[in-house]
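K.L.:
I would like the atomic coordinates for the input below:
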Amino acid sequence: MLTLDQLIAEATALADSDKAILIDKIMASMSGHIDRDVLSEGVQKAQKRIAEVDSGEVQTIPGDIALAQIRQLLKK
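P.N.:
Okay, here's the model as predicted:
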């Protein structure tokens, strides 16, 4: 059995689309009141967005630039 650190290393090395599936499976295994339809819709949206980025249809904004933009908006 993998240690938690090994499992995290393995999971973070997955393709983003596989990470979305893993998240869905983990959430399904947790107890609590999770709206499966909302979660499923979120996973589908994430997979669509990942496909758009992977295909080059859209480009991501680097994290430092995005944070700078958010900070500017918060100052207003």
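
K.L.:
contacts, neighbours, all on C-alpha from now
P.N.:
Will do.

K.L.:
which SS class is I61?
P.N.:
Reduced to three states with DSSP: H, G, I helix; E, B strand; the rest coil, the structure at I61 is coil.

K.L.:
I'd like the next helix or strand past the longest helix seen in the chain.
P.N.:
Taking DSSP state H as the criterion, the chain has its longest helix at helix 36-55. Sequence order places helix 63-75 as the next helix or strand after helix 36-55, per DSSP states H and E.

K.L.:
how about residues contacting that next one?
P.N.:
Contact with helix 63-75 is made by no outside residue, as judged by Cα atoms under 8 Å, 6 or more residues apart in numbering.

K.L.:
so for it, mean pLDDT?
P.N.:
The pLDDT scores in helix 63-75 average 87.

K.L.:
and A28, what element?
P.N.:
helix 16-29.

K.L.:
contacts only, for the most centrally placed residue in the chain.
P.N.:
Central residue of the chain (Cα atoms, centre = their mean): A20, 5.9 Å from the mean position. Residues near A20 by Cα under 8 Å, 6+ apart: 43, 46-47.

K.L.:
same thing with I50?
P.N.:
Per Cα under 8 Å, 6+ apart, neighbours of I50: 16-17.

K.L.:
so how far is I70 from it?
P.N.:
For I50, the distance to I70 equals 22 Å [Cα to Cα, to the nearest Å].

K.L.:
A51 too?
P.N.:
25 Å.

K.L.:
ok so, going back, now the longest helix of the chain: buried residues?
P.N.:
Buried residues in helix 36-55, counted by 16 or more other Cα atoms under 10 Å: 43, 46-47, 50.

K.L.:
which one of those sits closest to L4?
P.N.:
Closest approach between these and L4, by Cα to Cα: V43, at 23.6 Å.
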